[in-house]
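Engineer: okay, here's the prediction I keep looking at, along with the sequence it came from:
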Amino acid sequence: MFERLTSGCRWAYLMHFTQPKQAKTRCNRIEKSKKTSSTERS
């Protein structure tokens, strides 16, 4: 999925996960993304 994104979308996607200062927030965003992407494949 990530490989198909345009460079601008990749940048925004990475910023969404790396921007929070608290590790807990970063982890929550990653976990939420995993759940969303797994339901899209089904």
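Structural biologist: Happy to help now that I have it.
Engineer: from the chain's centre, how far out does the helix or strand hosting residue 39 sit?
Structural biologist: For residue 39, the host element (DSSP states H and E) is helix 23-41. Helix 23-41 sits 7 Å away from the centroid of its parent chain (Cα atoms, centre = their mean, to the nearest Å).
Engineer: please enumerate residues in contact with that helix?
Structural biologist: 1, 16-18, 20 (Cβ atoms under 8 Å, 6 or more residues apart in numbering). Bear in mind the C-beta positions are built from the backbone N, C-alpha and C, glycine included.
Engineer: helices - which of those land there?
Structural biologist: Using DSSP state H, 16-18 are the members of the contacts of helix 23-41 that sit in helices.
Engineer: dump these to CSV, plus neighbour count.
Structural biologist: Shown next, in CSV, are the ones in helices among the contacts of helix 23-41 (neighbours: other Cβ atoms under 10 Å):
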residue, neighbour count
16, 13
17, 13
18, 9
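Engineer: low-confidence ranges, the chain, go.
Structural biologist: Along the chain, the model assigns pLDDT under 70 to residues 40-42.
Engineer: need the contact list for residue 18.
Structural biologist: By Cβ under 8 Å, 6+ apart, the contact set of residue 18 is residue 26.
Engineer: and the gap between it and residue 39?
Structural biologist: 24 Å (Cβ to Cβ, to the nearest Å).
Engineer: cool, and residue 6?
Structural biologist: In this view, residue 6 and residue 39 are 23 Å apart by Cβ to Cβ.
Engineer: and what of residue 12?
Structural biologist: For residue 12 relative to residue 39 (Cβ to Cβ), the value is 21 Å.
Engineer: so which of those two has more stuff around it?
Structural biologist: A count of neighbours by other Cβ atoms under 10 Å puts residue 12 above the other of residue 12 and residue 39, at 11 against 8.
Engineer: ok, the more buried one - contacts?
Structural biologist: So residue 12 contacts nothing (Cβ under 8 Å, 6+ apart).
Engineer: how far away is residue 6 from residue 13?
Structural biologist: Taking Cβ to Cβ, one finds residue 6 at 10 Å from residue 13.
Engineer: between the two, who's got more neighbours?
Structural biologist: residue 13 (14 against 8).
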